[in-house]
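Peer 1: Would you be able to build a 3D model of this:
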Amino acid sequence: MPIDIETFESSTEDRLQHNGETNADRVMQFLAANPDQAFTQSEIRDATGVKAGSISVVLSRLEDRELVRHKGNYWALGEADDVAAYTSMVESTRTANDRFGEEDMDEWLEHAVDDEDTE
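Peer 2: Below you'll find the predicted structure:
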């Protein structure tokens, strides 16, 4: 289904992906599978398939949320409490999707209120 150019221009790449898994999800899954190691950006990029132009932004956003740690050229999984909260949210979402079905982003966007319509 096509989207209007305004949505295309104003949306992040993660929002426009409909496979349900974001770049951040891929990075977190990789680091969670290797909690006793730290990796360079290029190692994380190669292991997750996140594009070279996106990996830095993804890691920085995860660091801002305290989900990953950064020292020098290396990145590692964040502290246990922060990661546990993230994991709990992800698992809750999966459980809800299993029980009620995944939301269709196109259908949701079709019914979403546009801020311009409320002014």
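
Peer 1: mind checking pLDDT for residue 67?
Peer 2: Looking at residue 67, its pLDDT stands at 91.

Peer 1: For this protein, which segments count as helices?
Peer 2: Under the criterion DSSP state H, the chain carries helices at the ranges 5-10, 13-16, 23-33, 41-48, 52-64, 80-100, 105-111.

Peer 1: Who are the packing partners of the fifth one?
Peer 2: This means helix 52-64. Helices and strands touching helix 52-64, as assessed by 3 or more Cβ pairs under 8 Å, 6 or more residues apart in numbering; DSSP states H and E, comprise helix 23-33, helix 41-48, strand 68-71. All C-beta atoms are positioned from the backbone trio N, CA, C, and that covers glycine.

Peer 1: Give me the distance between the most centrally placed residue in the chain and residue 32.
Peer 2: In the chain, the C-alpha closest to the average C-alpha coordinate belongs to residue 24, at a distance of 3.1 Å (Cα atoms, centre = their mean). The spacing between residue 24 and residue 32, counted by Cβ to Cβ, to the nearest Å, is 12 Å.

Peer 1: likewise residue 103?
Peer 2: Following Cβ to Cβ, the distance that separates residue 103 from residue 32 is 24 Å.

Peer 1: next one: residue 48
Peer 2: Residue 48 sits 12 Å away from residue 32 when distances are taken as Cβ to Cβ.
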